[in-house]
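Trainee: Quick one, fold the following:
(one chain, ligands or ions: 1)
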Amino acid sequence: MLRSCTAGLRSLWALRGRREGAPRLSADLQPARRLFSTEKAVHKDWALPNPSWSKDLKLLFDQFMKKCEDGSWERLPSCKHTCTYKSEDFKTYFLDPQLVEGEGLSQAQLFTRGFEDGLGFEYVIFNNNDEKRTVCLFQGGPYLQGIPGFLHGGAIATMIDVAFGSCAAISGGAVMTANLNINFKRPVPLCSVVVIHSQLDKLEGRKLFVSCNVRSVDEKTLYSEATGLFIKLDPKKSST
Ligand SMILES: CCCCCCCCCC(=O)SCCNC(=O)CCNC(=O)[C@H](O)C(C)(C)COP(=O)(O)OP(=O)(O)OC[C@H]1O[C@@H](n2cnc3c(N)ncnc32)[C@H](O)[C@@H]1OP(=O)(O)O
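Mentor: Model (predicted):
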């Protein structure tokens with residue numbers, strides 16, 4: 001397992017630098033004000049196959065793309081910055097203009113998209129709006145190691161949070177995580193693909209209760225189960 005991961009790592013490094021459209025780091029750093037303005041920017045969609053994707057991930061991706069053809073499912077595009085959510089939704093809530101304009105945010109990008117192809121979080125999320133559920137296909141790369149050969153629990157929690165966020169956003173729009181409970185049942189092998197099935201269980205005012213399970217591609221192994229509470233942001237409130 002470790003040997004195959006080392007080989008995988010070697011080939012991933014070989015892929016670096018010949019990734020099509022890969023921005024150079026310096027060119028990829030955008031001024032923070034752009035993240036939060038209505039200015040149009042060209043964003044690369046990272047929720048698409050790249051050469052680091054395993055056969056399993058590509059196969060599942062193709063299966064879900066087929067399901068999108070009748071409109072029951074949709075693939076969520078994903079960029080390094082915050083364009084999945086309309087930044088306007090968060091404006092009232094968060095943004096101290098001094099912070100936004102300041103140096104601190106000039107390098108801001110989505111945590112899960114901050115790695116080179118294949119080294120960190122490779123994932124794509126599909127939404128079923130009618131059924132209020134999402135499926136996240138996730139391949140955790142070698143930089144997400146916890147105990148040797150396995151994914152770090154924090155990396156799994158991160159992907160669960162992201163999957164939940166997308167699921168809750170179907171009904172809630174701009175939401176934030178208030179609570180996450182995760183039962184880690186089996187360790188997830190590094191570089192393997194898992195499927196995170198999330199669903200909205202209950203909507204109570206601004207509270208969205210979600211749950212998920214994390215399974216192997218063949219569905220035989222249940223890696224984790226989780227529940228979460230998301231809160232729809234109240235535009236009249238500020239976070240500070
Ligand atoms: C672009 C790509 C997007 C990728 C997706 C990424 C997803 C990642 C999402 C995150 O990680 S968000 C970051 C982690 N979360 C936070 O930092 C949230 C910090 N907490 C807060 O900002 C506020 O507590 C929160 C917005 C969650 C709620 O504040 P509010 O002032 O809007 O709500 P309020 O306190 O009035 O509570 C509303 C209801 O929720 C309930 N509630 C709030 N927090 C709770 C909690 N933790 N547990 C149980 N119930 C809770 C609260 O009791 C109340 O219930 P009732 O309506 O029945 O009275």
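
Trainee: Do a quick rundown of the helices in the chain.
Mentor: 2-15, 25-28, 32-35, 55-67, 87-94, 97-101, 153-172 (DSSP state H).

Trainee: got a list of what the residue nearest in space to the middle of the chain touches?
Mentor: A centroid search over the chain (C-alpha atoms, centre = their mean) returns Val162, at 4.6 Å, as the residue closest to the centre. Applying C-beta atoms under 8 Å, 6 or more residues apart in numbering to Val162 gives the contacts 112, 123, 125, 136. Just so you know, the C-beta spots here come from the backbone N, C-alpha and C atoms, and that holds for glycine as well.

Trainee: Give me the pLDDT for the residue in the chain that the ligand sits nearest to.
Mentor: Residue nearest to the ligand within the chain (C-beta to the nearest ligand atom): Gly165, separated by 3.0 Å. Per-residue pLDDT puts Gly165 at 97.

Trainee: same check, this time on the one 4 residues further on
Mentor: Predicted confidence (pLDDT) for Ala169: 95.

Trainee: Could you pull up the contacting residues of the residue nearest to it when sequence neighbours are not counted?
Mentor: Distances taken as C-beta to C-beta, 6 or more residues apart in numbering put Val175 closest to Ala169, at 5.7 Å, once the chain neighbours are dropped. Residues in contact with Val175 (C-beta under 8 Å, 6+ apart) are 165, 168-169, 208, 230-233.

Trainee: By neighbour count, sort out the buried ones in those.
Mentor: The neighbour count (16 or more other C-beta atoms under 10 Å) marks 165, 168-169, 208, 230-233 as buried among these.

Trainee: from these, which single one is nearest Lys55?
Mentor: Using C-beta to C-beta, Gly165 comes nearest to Lys55 of these, at 28.1 Å.

Trainee: Identify the residues contacting that closest one.
Mentor: Going by C-beta under 8 Å, 6+ apart, Gly165 touches 175, 177, 230.

Trainee: Within reach of the ligand, which of the residues you listed are there?
Mentor: Counting by C-beta under 6 Å from any ligand atom, Thr177 from the contacts of Gly165 sit close to the ligand.

Trainee: that older thread, closest to Asp218 out of the buried ones among the contacts of Val175?
Mentor: Asp218 lies nearest to Gly165 out of the buried ones among the contacts of Val175, by C-beta to C-beta, at 26.7 Å.

Trainee: For this structure, name the helix or strand with the lowest mean pLDDT.
Mentor: Least confident helix or strand, the chain: helix 25-28 with a mean of 32, by mean pLDDT, DSSP states H and E.

Trainee: picking up where we left off before, on the strand side of things, show who the residue nearest to Ala169 bridges to.
Mentor: Beta-bridge partners recorded for Val175 (DSSP bridges): Lys232.

Trainee: Kindly report the same for the one 4 residues further on.
Mentor: With DSSP bridges applied, Asn179 shows beta-bridge pairing to Leu229.

Trainee: do the same with Val214
Mentor: Bridge pairing for Val214 - DSSP bridges - gives Ile196, Ser224.
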